[in-house]
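K.L.:
Compute the structure for the input listed below.
(one chain, ligands or ions: 2)
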Amino acid sequence: MNNTKGTAVSENATPLSNLDEWEDDVLRRYPDPASINEDKKVEEFRNYEETEKDGVKEFYRINHKFQTYDFVTQKRDEFLKFDKKEMPIWDAFAFLNQLVDDSDPDTDLDQMQHLLQTSEAIRNDKHPDWMVLVGLIHDMGKTLCLFGEPQWAVVGDTFPVGCAFSDKVVYSDFFKHNPDINDKRFNTELGIYSRHCGLDNVTMSWGHDEYVYHMMKDHIPEPGLYMLRYHSFYSQHREQAYNHLMSEHDHEMFKWVSLFNPYDLYSKNPNQKSWEELKPYYEDLVAKYLPATLKF
Ligand SMILES: [Fe+2]
Ligand SMILES: [Fe+2]
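P.N.:
Residues are numbered from 1 along each chain as shown. Ligands and ions are numbered 1, 2, ... in the order given. This next block holds a predicted model:
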C-alpha cells in the first residue's frame with residue numbers, strides 16, 4: 001500500500017537498527033565544538049556523506065518521501081485527540097527504555113539515561129526547574145512507537161510542510177520523491193503560508209517533537225514548549241533555513257531552543273548519579289508541573 005492517507009508503506013519501515021541511530025547521526029552532523037581537537041579535525045566530523053550508515057540514508061529517503069502535508073494532517077487528527085491511552089509518566093519512561101533495549105542490547109545509553117544526562121546537565125548549570133523538566137521529557141513523544149508508528153514518523157529532523165522544502169534540510173535531494181513538490185498549493189517558497197506568519201501557524205513534519213508539545217502545552221512555560229516542539233528542527237536553529245516563516249517572537253523564543261539543544265546532543269557525564277539517588281528530586285519536579293497521569 002502506498003498512499004498519502006495511510007502509514008503503511010510497502011518499503012522497509014525500520015531502516016534504523018534503533019531510534020538512537022538517528023541521534024548518533026545528528027551528532028556526526030553537528031559535533032560538539034568542545035570535542036573538536038587536533039586529533040579529530042572539523043572536516044573529519046563534517047565528512048558526513050562518507051561516514052553515514054546506509055540505514056540513516058534509507059531512513060531519510062522514506063521520511064522525505066512520505067511526510068506530505070496530507071500525511072501530517074491525518075496524523076494530527078489521529079494522535080492529537082489523545083484518546084489512545086492514559087498512564088503515569090513513569091510507565092511511559094519504562095516503555096521508552098524497553099523500546100531501545102529490545103532492539104539493541106549493546107546500546108550503552110538507554111533512553112532514561114539520555115533523558116537524565118540531559119536534565120542533570122541543565123540542573124547543574126542552574127537553569128530554571130521547568131527547563132530541567134523539559135530535559136527529562138523532551139523525547140516522551142517517542143511513545144508514538146507504542147502505537148506501531150514507523151521510525152520515519154517518530155524521529156528525524158523536522159521541517160515545515162505546505163511550502164517548498166529547503167535545500168538546507170538534511171538529504172534534501174530525497175524531497176524529489178515527495179508528491180507535494182508537484183502540488184501548486186505547496187511548492188512555492190511560502191506555499192499556504194504568509195511571510196513571517198509565525199511558526200505556530202506552520203504545520204511541521206510529523207514526529208515526536210510535535211506530539212510531546214501538544215501533550216505538554218498546558219503545563220510548561222512557553223520557552224520550554226518551544227524547546228519541546230522544535231528540538232529536531234535543525235535546518236532552522238542551525239542553518240536559519242526558514243526565516244521567511246519566522247516571526248519576531250519565534251526568533252526570541254529560538255534563543256531558548258538554541259540554549260537547550262547542546263544539552264540534548266552533548267550531555268554525556270560518565271559519573272552520572274544513579275536513578276535511585278535522583279528519583280526523589282524528579283518525582284517532586286514532575287508532581288510540581290504535571291498531572292498524575294498523562295494522556296497519549
Ligand atoms: Fe528528540
Ligand atoms: Fe534527545
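
K.L.:
Now the host helix or strand of Asn97: buried residues?
P.N.:
Counting by DSSP states H and E, the element that carries Asn97 is helix 89-103. Buried residues in helix 89-103, counting neighbours by 16 or more other C-beta atoms under 10 Å, are found at 89, 92-93, 95-97, 99-100. Glycine gets a C-beta too; all of them are placed from N, C-alpha and C.

K.L.:
Could you name the helices and strands sitting against that helix?
P.N.:
For helix 89-103, the packing partners by 3 or more C-beta pairs under 8 Å, 6 or more residues apart in numbering; DSSP states H and E come out as helix 111-124.

K.L.:
what do you get if the cut-off is 10 Å, keeping everything else the same?
P.N.:
helix 20-29, helix 111-124, helix 129-137, helix 275-289, strand 294-295 (3 or more C-beta pairs under 10 Å, 6 or more residues apart in numbering; DSSP states H and E).

K.L.:
Can you dump the C-alpha atoms of it in PDB for me?
P.N.:
Extracted in PDB, the C-alpha atoms of helix 89-103 (Å, rounded to 0.1, in the frame of the first residue of the first chain):
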ATOM      1  CA  ILE A  89       4.700   9.400  33.300                       C
ATOM      2  CA  TRP A  90       6.900   6.700  34.900                       C
ATOM      3  CA  ASP A  91       5.200   4.000  32.900                       C
ATOM      4  CA  ALA A  92       5.900   5.900  29.800                       C
ATOM      5  CA  PHE A  93       9.600   6.100  30.700                       C
ATOM      6  CA  ALA A  94       9.600   2.400  31.300                       C
ATOM      7  CA  PHE A  95       8.200   1.900  27.800                       C
ATOM      8  CA  LEU A  96      10.800   4.200  26.200                       C
ATOM      9  CA  ASN A  97      13.600   2.200  27.900                       C
ATOM     10  CA  GLN A  98      12.300  -1.000  26.600                       C
ATOM     11  CA  LEU A  99      12.000   0.400  23.200                       C
ATOM     12  CA  VAL A 100      15.700   0.900  22.800                       C
ATOM     13  CA  ASP A 101      16.900  -2.000  24.800                       C
ATOM     14  CA  ASP A 102      14.800  -4.500  22.900                       C
ATOM     15  CA  SER A 103      16.200  -3.600  19.600                       C
END
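
K.L.:
check contacts around Leu259.
P.N.:
By C-beta atoms under 10 Å, 6 or more residues apart in numbering, Leu259 lies in contact with 122, 125, 127, 131, 223, 227.
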